[in-house]
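Enquirer: Just to be clear, the model below is a prediction. Sequence and coordinates:
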2 protein chains.
Amino acid sequence: MQQVLTELTPPSQMNDSITESNSPLLPSLNEVETIIGYKFKNMELLKEAFTHNSCKDEASQSYERLEYLGDSVLNILFAKEHYFSYPKMKSGELTQLRAANVDTEALARVAFKHGLHRFLKHDDPSLNERVQELMEGIKEHPLHSHGLINSPKILADIVEAVVGAVYVDNGLSIDETWEVVKNLLHPLTTPENLSLNPVVKLNEKCQKMGIKLEYKSLWIETGDIEIYKDNELIGKGNYKKKKTTAKNKAAADAYENLVKLLDI
Amino acid sequence: MQQVLTELTPPSQMNDSITESNSPLLPSLNEVETIIGYKFKNMELLKEAFTHNSCKDEASQSYERLEYLGDSVLNILFAKEHYFSYPKMKSGELTQLRAANVDTEALARVAFKHGLHRFLKHDDPSLNERVQELMEGIKEHPLHSHGLINSPKILADIVEAVVGAVYVDNGLSIDETWEVVKNLLHPLTTPENLSLNPVVKLNEKCQKMGIKLEYKSLWIETGDIEIYKDNELIGKGNYKKKKTTAKNKAAADAYENLVKLLDI
């Protein structure tokens, strides 16, 4: 089995081109320790966090178990942090705030920003292309787009797996893991800079104003999702690879048009 | 605002009838401390855990924030426990095993078993009826039915809120909280006694055997979901109040018929 390595230039040296290499040599995981500011007692855990299922051998585990654990760790870390930092915040808002910090797009951006995908041992030839697409999406939407760009789950997985690995390696200390997470995910989304998913934002606005919208899916045929108000098209989004992204684009478009239309 | 109190007889004295009381006196929360085997330093937290949104006054919080926190705590507790107890278990199986312990039905059963709903300060006149329905469902399915009975989310919420309250009260100790959770949720679901959601179970079986099924929804019209194999009806489920429950019933029926039909 040939091992495909992703060798994207780190963002500090980023330009429009992507250098690809099929060299079997991955950069050393010690570099990851420097990036995340944590020194592992058991390097096997970090190795596991950077082993994709497509590329594990019989002796090694792939990152899924650590990713599963890391996901729970991220959830409790942010739940706890926000619960105490915002004692008056309602649970619905707490949910939105946490999601903005740890959803797939947020974590994929973190992985990309720190170039963590460069260390991944994998055999997925489409990864480079997907990272390239994310890079272009980030250029268009420098801040969290809430689903307007398609974020590769595999990048978010790496961050979750790293968090799981740190948590196991440090002897299950929630507090020590938080120190790593806080730095790695910096800058965190706060209530001040929180923006909402376009569909949620559109729904909230429409509910407040008593507006009824109709969604029409032409996604299977053309990749389009259309949104109508009183039989008039007010929003349209196209994305053939993923229906949710098309829907998010349509909602963002509809929101913008509604604001103009109703002067709100 | 009149306060409706649920006064169901605890399971130890359970019979077919349900005694209802509109008395404003709730049983003492000290009884909850005995049930969960934990003594609170700050009783306000326990009060909050038993205050429904329908019944809070200006000075008090309702349980949603604690429920939000408790949900995350339960997730990390089971993720951690299973991660170390089953070092070879795949992440998909870990997910299923955790869900069987902490999904809405599992937690609603816990609340009902310990009579925790009796302590809830609420103003929801439908709660009694929903608890009655759960009680009947439990008689029919003594073990976790994976969605064949409709479990009131409000009961599961109470357990999550109690877990959140214990976690805050004990100074955020994951280990101490686990001791409480382990006893409260006893007996825990293990890989040995894990059964799957009927839809998942049916899908897994069909995928293995290369069988294609078609779901037909008459739910809006009649409450029915039907499942067909080669245009022949092999499963049917009816539940007008909730589509998922109807679908689960149909899948369980289809599974049973498939087993007979194919002699598997």
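Expert: Perfect, thanks for sending it. Residues are numbered from 1 along each chain as shown, chains lettered A, B, ... in the order given.
Enquirer: name the element A:Gly235 belongs to?
Expert: Using DSSP states H and E, the element containing A:Gly235 is strand A:232-238.
Enquirer: Can you report how many residues lie near the residue nearest to A:Ser60 when sequence neighbours are not counted?
Expert: Excluding its sequence neighbours, the residue lying closest to A:Ser60 (Cβ to Cβ, 6 or more residues apart in numbering or on different chains) is A:Thr51, at 5.7 Å. Just so you know, the C-beta spots here come from the backbone N, C-alpha and C atoms, and that holds for glycine as well. A:Thr51: 21 surrounding residues under other Cβ atoms under 10 Å in any protein chain shown.
Enquirer: quick one: A:Thr51 and B:Leu74, what's the gap?
Expert: As judged by Cβ to Cβ, to the nearest Å, A:Thr51 and B:Leu74 stand 29 Å apart.
Enquirer: ok, A:Thr104 - contacts?
Expert: Contact analysis of A:Thr104 by Cβ atoms under 8 Å, 6 or more residues apart in numbering or on different chains lists A:Ser151, A:Lys153, A:Ala156.
Enquirer: With adjacent residues omitted, what lies nearest to the first one?
Expert: Counting by Cβ to Cβ, 6+ apart, A:Ser151 lies nearest to A:Ala108, which is 3.8 Å off, once chain neighbours are set aside.
Enquirer: can you count the residues close to A:Ser85?
Expert: Using other Cβ under 10 Å, A:Ser85 has 11 neighbouring residues.
Enquirer: Does the residue nearest to A:Ser151 touch A:Glu160 like I think?
Expert: No: applying Cβ atoms under 8 Å, one finds A:Ala108 not in contact with A:Glu160, separated by 10.7 Å.
Enquirer: what sits up against the strand holding A:Gly235?
Expert: A:202, A:213, A:222-228, A:245-255, A:257-258, A:261.
Enquirer: Out of those, which sit inside helices?
Expert: Cross-referencing the contacts of strand A:232-238 against helices under DSSP state H gives A:202, A:222, A:245-255, A:257-258, A:261.
Enquirer: Up against chain B, what does the stretch 1-150 of chain A have?
Expert: Contact residues, the stretch 1-150 of chain A versus chain B (Cβ under 8 Å from any Cβ of the partner chain): A:64-65, A:67-69, A:71-73, A:75-76, A:79-80, A:83, A:89-91, A:94-95.
Enquirer: So which of those residues are in helices?
Expert: Short answer: the residues of the stretch 1-150 of chain A next to chain B in helices (DSSP H) are A:64-65, A:67-69, A:71-73, A:75-76, A:79-80, A:83, A:91, A:94-95.
Enquirer: Among the residues you listed, the buried ones, what's the PyMOL command?
Expert: Entered in PyMOL, the line below selects the buried ones among these, by 16 or more other Cβ atoms under 10 Å in any protein chain shown:
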select buried, chain A and resi 64+65+67+68+69+71+72+73+75+76+79+80+83+91+94
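Enquirer: Looking at the ones in helices among the residues of the stretch 1-150 of chain A next to chain B, spot the one nearest A:Glu176.
Expert: Of all those, A:Val73 has the smallest distance to A:Glu176: 11.1 Å, by Cβ to Cβ.
Enquirer: which ones are touching that closest one?
Expert: Here A:Val73 is in contact with A:Val163, A:Gly164, A:Tyr167, A:Ile174, A:Thr177, B:Ile76, B:Ala79 (criterion: Cβ under 8 Å, 6+ apart).
Enquirer: Local confidence estimate at it?
Expert: For A:Val73, the pLDDT comes out at 98.
Enquirer: and chain B, which of the contacts of strand A:232-238 contact it?
Expert: Residues of those in contact with chain B (Cβ under 8 Å from any Cβ): none.
Enquirer: how far does stretch A:166-181 stretch from start to finish?
Expert: 9 Å (Cα to Cα, to the nearest Å).
Enquirer: list the buried ones in it?
Expert: Within stretch A:166-181, judged by 16+ other Cβ under 10 Å, the buried ones are A:Val166, A:Tyr167, A:Val168, A:Asp169, A:Asn170, A:Leu172, A:Ile174, A:Thr177, A:Trp178, A:Val180, A:Val181.
Enquirer: same question, stretch A:257-264
Expert: In stretch A:257-264, the ones that count as buried by 16+ other Cβ under 10 Å are A:Asn257, A:Leu258.
Enquirer: Could you do stretch A:38-49 as well?
Expert: Applying a neighbour-count criterion of 16+ other Cβ under 10 Å, the buried positions in stretch A:38-49 are A:Tyr38, A:Phe40, A:Leu45, A:Leu46, A:Lys47, A:Glu48, A:Ala49.
Enquirer: What separation is there between the last one and chain B?
Expert: In this structure, A:Ala49 lies at 13 Å from chain B, with Cβ to the nearest Cβ, to the nearest Å as the measure.
Enquirer: try the fifth one
Expert: As defined by Cβ to the nearest Cβ, A:Lys47 lies at a distance of 16 Å from chain B.
Enquirer: my read: that residue touches A:Ser60, true?
Expert: Yes: with contact defined as Cβ under 8 Å, A:Lys47 reaches A:Ser60; the gap is 7.2 Å.
Enquirer: Spell out which residues of the stretch 151-264 of chain A are next to chain B.
Expert: A:Val168, A:Leu172, A:Ile174.
Enquirer: got those as TSV, with pLDDT and distance to A:His141 columns?
Expert: Below are those laid out as TSV (pLDDT from 0 to 100; distance: Cβ to Cβ, whole Å):
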residue	pLDDT	distance to A:His141
A:Val168	98	34
A:Leu172	97	36
A:Ile174	96	32
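Enquirer: Helices of the stretch 101-250 of chain A, start to end?
Expert: Counting by DSSP state H, counting those that start in this stretch, the stretch 101-250 of chain A has helices at residues A:104-113, A:127-140, A:153-169, A:174-184, A:198-209, A:219-222, A:243-262.
Enquirer: if we can go back for a sec, any of the contacts of strand A:232-238 buried? List them.
Expert: A:202, A:213, A:223-227, A:245-255, A:257-258.
Enquirer: so where's the stretch 51-200 of chain A uncertain?
Expert: Applying pLDDT under 70 to the stretch 51-200 of chain A flags no residue at all.
Enquirer: now with 90?
Expert: For the stretch 51-200 of chain A, residues meeting the criterion pLDDT under 90 lie at A:55-60, A:124-125, A:142-148, A:150, A:193-198, A:200.
Enquirer: re earlier: out of the ones in helices among the residues of the stretch 1-150 of chain A next to chain B, who's nearest B:Lys56?
Expert: A:Ser91 (13.1 Å).
Enquirer: what's the closest non-adjacent residue to A:Val199?
Expert: A:Ala251 (4.4 Å).
Enquirer: shared neighbours of A:Lys47 and A:Ser60, anything?
Expert: With Cβ under 8 Å, 6+ apart, A:Lys47 and A:Ser60 have no common neighbours.
Enquirer: Check the separation of the first and last residues in stretch A:191-201.
Expert: From start residue to end residue, stretch A:191-201 stretches across 15 Å - Cα to Cα.
Enquirer: For the most centrally placed residue in chain A, which non-adjacent residue is spatially closest?
Expert: Nearest residue to the geometric centre of chain A (Cα atoms, centre = their mean): A:Glu105, 2.3 Å. Excluding the flanking residues, the one nearest A:Glu105 by Cβ to Cβ, 6+ apart is A:Ser151, at 4.2 Å.
Enquirer: Could you do A:Leu45 as well?
Expert: A:Ala165 (4.2 Å).
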